[in-house]
Each structure stands twice: as C-alpha cells, then as structure tokens.
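Chemist: this one's sequence-less:
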C-alpha cells in the first residue's frame with residue numbers, strides 16, 4: 001500500500017540521500033520483468049513461537065502469496081546475534097535483529113570479531129527491556145540484583161546483549177550469577193523461584209510474560225536513566241521509554257530502555273529482491289503481527305531510521321518509489 005509522503009518524510013529521505021551518495025541513482029526502476037523477482041530465501045528469525053518467529057513466518061507467507069517467485073524458508077534461531085552470524089556466513093539472506101546488535105555487527109564490535117556488512121530493509125518496531133521479578137520480591141531496583149541468580153536471555157540473543165550491558169553499566173558490588181535461558185524457560189524458572197529476576201527485550205505485552213503474570217503476579221523494576229548511559233557507552237540506538245500502566249497488572253508506568261528491531265539482509269542480496277521484500281512487508285502490514293502499543297510499528301516516518309546500519313539500495317528504491 002502506498003502512502004503519501006508529508007514534508008517531514010521528504011526531509012528525512014533527503015537527509016538519507018545526502019548521507020548515501022547512491023540513493024538518487026537507486027530511485028529509478030529496478031531491473032526485472034513484470035513477473036517479479038525469483039529467489040529462494042532463508043529468513044533467520046527467533047525461537048519458535050516467539051515474536052521474531054511469528055513475524056517472520058507471516059512475512060514468509062505474505063511473500064509467497066504476493067510475490068510467487070519468492071520462496072522464503074523460515075529458520076528458527078536464538079535470534080539477533082545468531083541471525084547476523086548466519087548472514088555473515090551466507091547461510092541466511094534475511095534476518096530479524098535488535099538494532100544494537102545489528103550496529104555491533106556492522107562495526108565488528110561486541111560479539112563480532114570482524115564487521116558483518118549487513119544492510120537494513122526497515123526499522124520494524126520498538127522493543128521494551130523487561131526486568132521482571134515476582135510481585136512479592138524484595139528486589140526494588142537494579143542494584144538489588146547484586147549476587148542474585150538472574151536469567152539474562154538465551155545465548156546468541158539480543159536480550160542477552162542488552163542485559164549484560166545494563167548489568168555492566170550498573171557496577172554492582174557483587175556480580176550477578178547469570179543464567180542463560182530462552183524466554184519460556186526464564187518464565188518457568190522465575191515462577192519456581194530458581195532465578196530472582198529475568199531480562200527480556202521484546203514487544204509489550206509479551207505473551208509469555210502475560211501468561212507468567214496470570215499465575216505468578218509480577219513487577220517490572222525501573223531502568224530510568226539506563227538508555228542514555230547505554231547510548232553513550234555503545235553508540236547504539238537505545239531510547240528511554242515507559243511500559244504503560246496496567247501492563248501485566250502493574251498499576252503504574254515503568255521507565256525502561258527501548259531498542260528497535262530491524263529487518264536486515266546480506267549486502268549481496270539483489271536490489272530487485274530487496275525492493276520486493278520491503279514492498280510486500282509494507283503492503284501486508286495489517287497482516288503482520290506487531291506490538292499493541294505505540295512504538296513506530298512499520299511506520300513510514302521511522303522505517304528508514306536504522307542508525308549506523310545503512311539501508312539496502314533495493315529498500316531505498318522502494319522508499320523513493322513509495323514516498324517520493
């Protein structure tokens with residue numbers, strides 16, 4: 001679906017053009033016949049049943065329906081870090097990732113020994129960092145985690161990257177005993193009392209935490225001030241946000257860290273295919289699962305805001321054609 005571009009949209013695309021010399025050249029028609037591109041794609045997502053997996057599965061379905069020449073195989077993984085490594089080896093063509101992890105890959109920082117030349121197709125939506133404890137827990141702040149067992153996310157996940165950065169910045173007097181578990185295992189461990197808290201970075205509400213709260217009432221510990229501290233340390237797209245009052249039965253809003261999700265591609269993906277994937281994603285926006293709260297979900301004003309991760313030239317061609 002094509003939407004008219006307002007002045008702000010044109011200004012942002014103009015700024016992108018200044019930063020990317022090839023943008024104007026990419027604004028014309030892409031090569032290929034009227035039948036559309038043909039390719040077999042591997043899309044790396046996340047744990048089966050999780051937000052990335054659900055989004056990727058639906059996107060793959062819409063691609064096959066709207067562009068019959070594109071066949072996307074969905075790969076379930078531990079998410080961001082693992083996905084970007086699959087792009088680096090050529091074992092994936094498309095991937096979902098948190099924006100900070102994608103920035104690390106582009107720079108060869110964090111968990112990446114050398115740069116991974118990824119290209120963004122879009123900023124999809126904003127994730128909220130959850131630091132979750134039982135409602136009757138004595139823990140009230142980040143510093144109270146000192147010496148505790150804490151589930152920090154699955155190995156290779158974007159959640160683990162953000163959690164470890166938050167804990168490092170906190171400079172706790174005693175180290176946290178980190179437990180690497182995926183979200184479902186983390187919620188079960190919290191309900192049993194095997195961990196004192198869990199980190200999760202995802203949409204709100206997250207279904208797994210909603211289910212946890214139905215049996216074990218929960219609270220979210222505040223993370224105010226953490227977004228700016230992380231941004232200064234890591235030059236990544238962290239933003240201050242609030243989990244709205246009433247989420248998971250918590251009566252008040254809770255400040256935390258927001259991290260965008262990107263759909264990214266290997267740099268060598270053809271421009272024609274990248275343009276088609278980007279177009280289908282926007283055409284099918286109403287059919288794709290997303291957050292239930294504001295956060296720029298596939299919003300034309302924010303989709304090109306992928307920070308240090310450059311847009312793929314095929315995606316740029318789509319935005320130029322769609323928004324002028």
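Modeler: Thanks, I have it. Model, not experiment: these values are computed from the prediction.
Chemist: the helices in this structure, which residues?
Modeler: 7-19, 51-66, 80-89, 99-107, 158-170, 183-192, 207-215, 226-234, 271-283, 313-323 (DSSP state H).
Chemist: Could I get those helices in TSV, plus columns for mean pLDDT and mean neighbour count?
Modeler: The C-beta positions use only the backbone N, C-alpha and C, and glycine is treated the same way. Shown next, in TSV, are these (pLDDT from 0 to 100; neighbours: other C-beta atoms under 10 Å):
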stretch	mean pLDDT	mean neighbour count
helix 7-19	40	13
helix 51-66	95	20
helix 80-89	96	23
helix 99-107	96	26
helix 158-170	96	22
helix 183-192	97	20
helix 207-215	96	17
helix 226-234	94	17
helix 271-283	97	23
helix 313-323	93	23
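Chemist: Could you point out the longest strand of the protein?
Modeler: Secondary structure assigned by DSSP state E gives strand 118-134 as the longest strand of the chain.
Chemist: give me every residue that touches residue 177.
Modeler: 147-150 (C-beta atoms under 8 Å, 6 or more residues apart in numbering).
Chemist: Try it again at 7 Å.
Modeler: When contacts are counted by C-beta atoms under 7 Å, 6 or more residues apart in numbering, residue 177 is found next to 148-150.
Chemist: Which of those sits closest to residue 39?
Modeler: Proximity of the contacts of residue 177 to residue 39 was ranked by C-beta to C-beta; the top entry is residue 150 with 42.2 Å.
Chemist: Was I right to think the closest one contacts residue 194?
Modeler: No. In this structure, residue 150 sits apart from residue 194 without contact. The criterion is C-beta atoms under 7 Å, and the distance is 10.8 Å.
Chemist: ok, these two, which is more surrounded?
Modeler: residue 150 (23 against 14; other C-beta atoms under 10 Å).
Chemist: That one and residue 230: what is the separation?
Modeler: Using C-beta to C-beta, to the nearest Å, one obtains 17 Å as the distance from residue 150 to residue 230.
Chemist: just residue 135 next, same as before
Modeler: The value you get for residue 135 to residue 230, if C-beta to C-beta is used, is 27 Å.
Chemist: Also residue 267?
Modeler: In this structure, residue 267 lies at 27 Å from residue 230, with C-beta to C-beta as the measure.
Chemist: ok, back up a step: cross the contacts of residue 177 against strands and list the overlap.
Modeler: In strands, defined here by DSSP E, the members of these are 149-150.
Chemist: Just name the closest of the contacts of residue 177 to residue 272, please.
Modeler: Nearest to residue 272, judged by C-beta to C-beta, of these is residue 150 at 45.9 Å.
Chemist: what bridges to that closest one?
Modeler: On DSSP bridges, the residues paired with residue 150 through beta bridges are residue 178, residue 197.
Chemist: what's near enough to touch it?
Modeler: 176-179, 195-197, 199.
Chemist: ranking these by neighbours, who comes first?
Modeler: In terms of neighbours by other C-beta under 10 Å, these top out with residue 197 at 27 neighbours.
Chemist: need the contact list for that one.
Modeler: When the contact criterion is C-beta under 7 Å, 6+ apart, the partners of residue 197 are 131-133, 139, 145, 148, 150.
Chemist: In ChimeraX, select just the buried ones from those.
Modeler: Provided next is the ChimeraX selection string for whichever of the contacts of residue 197 are buried by 16 or more other C-beta atoms under 10 Å:
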select :131,132,133,139,145,148,150
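Chemist: Dump the contacts of residue 197 into a markdown table; add pLDDT and distance to residue 61 as well.
Modeler: Converted to a markdown table, those look like this (pLDDT from 0 to 100; distance: C-beta to C-beta, whole Å):
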| residue | pLDDT | distance to residue 61 |
| --- | --- | --- |
| 131 | 98 | 34 |
| 132 | 98 | 32 |
| 133 | 98 | 37 |
| 139 | 98 | 42 |
| 145 | 98 | 41 |
| 148 | 98 | 42 |
| 150 | 98 | 37 |
